[in-house]
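In: quick one, what's the 3D model for this:
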Amino acid sequence: MLGVQEVWDESTLRAAAHRSGLRYTTVLAPGAEAGASGTPRVGLVTRLPLLELESTTAFEPADHVLVPELGVQTRFERPVLRARLQTKHGQTLQVLVVHLKSKRPSSCKTRKAR
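Out: Have a look, this model is predicted:
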């Protein structure tokens, strides 16, 4: 199973999975089915049976975050992908695929440590 980030086009991810020679039965990148618009998406490549798939953009109201100089943040810039899969032994496996961010939002000014 692979969780991938920076998916601009689901068909390209499918082609790469096919060329790998591995037998992945599920290749998904919700929001990039016809090409991502504005920001890339995350994807999932697996051979385990898919039981459920959810792409979450909005935070629950109780989880809103106040970011200095940017205000209240209410959503993920790149949605989180949650999948429930079934192992060959019948167990349920829950997987989260997230985009890793190495910096704060670009419109936030950097503060110098004193």
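In: list the residues that contact the residue positioned nearest the centre of the chain.
Out: Among the residues of the chain, the one closest to the centroid is residue 42, at 3.3 Å (Cα atoms, centre = their mean). Listed by Cβ atoms under 8 Å, 6 or more residues apart in numbering, the contact partners of residue 42 are 3, 4, 5, 7, 29, 78, 79, 80, 81, 97, 98, 99. For glycine as for every other residue, the C-beta is placed from the backbone atoms N, C-alpha and C.
In: repeat for residue 83
Out: 44, 46, 50, 51, 52, 53, 54, 94, 95, 97.
In: from residue 39, how far off is the last one?
Out: Between residue 97 and residue 39 the computed distance is 15 Å (Cβ to Cβ, to the nearest Å).
In: neighbour count: these two, which is higher?
Out: A side-by-side neighbour count of residue 97 and residue 39, using other Cβ atoms under 10 Å, places residue 97 first with 23 against 13.
In: quick one: the helices in this structure, in order.
Out: Secondary structure of the chain by DSSP state H: the helices cover 10-19.
In: show me where pLDDT drops low in it?
Out: Judged by pLDDT under 70, the chain has its weakly predicted residues at 102-114.
In: circling back to that earlier point, among the contacts of residue 42, name the buried ones.
Out: Buried members of the contacts of residue 42, counted by 16 or more other Cβ atoms under 10 Å: 3, 4, 5, 7, 29, 78, 79, 81, 97, 99.
In: correct me if wrong: the last one contacts residue 78.
Out: Spelled out, it's residue 99. Yes. At 4.0 Å, residue 99 counts as touching residue 78 under the criterion of Cβ atoms under 8 Å.
In: hey, what's in contact with both of these two?
Out: With Cβ under 8 Å, 6+ apart, residue 99 and residue 78 have common neighbours 5, 40, 42.
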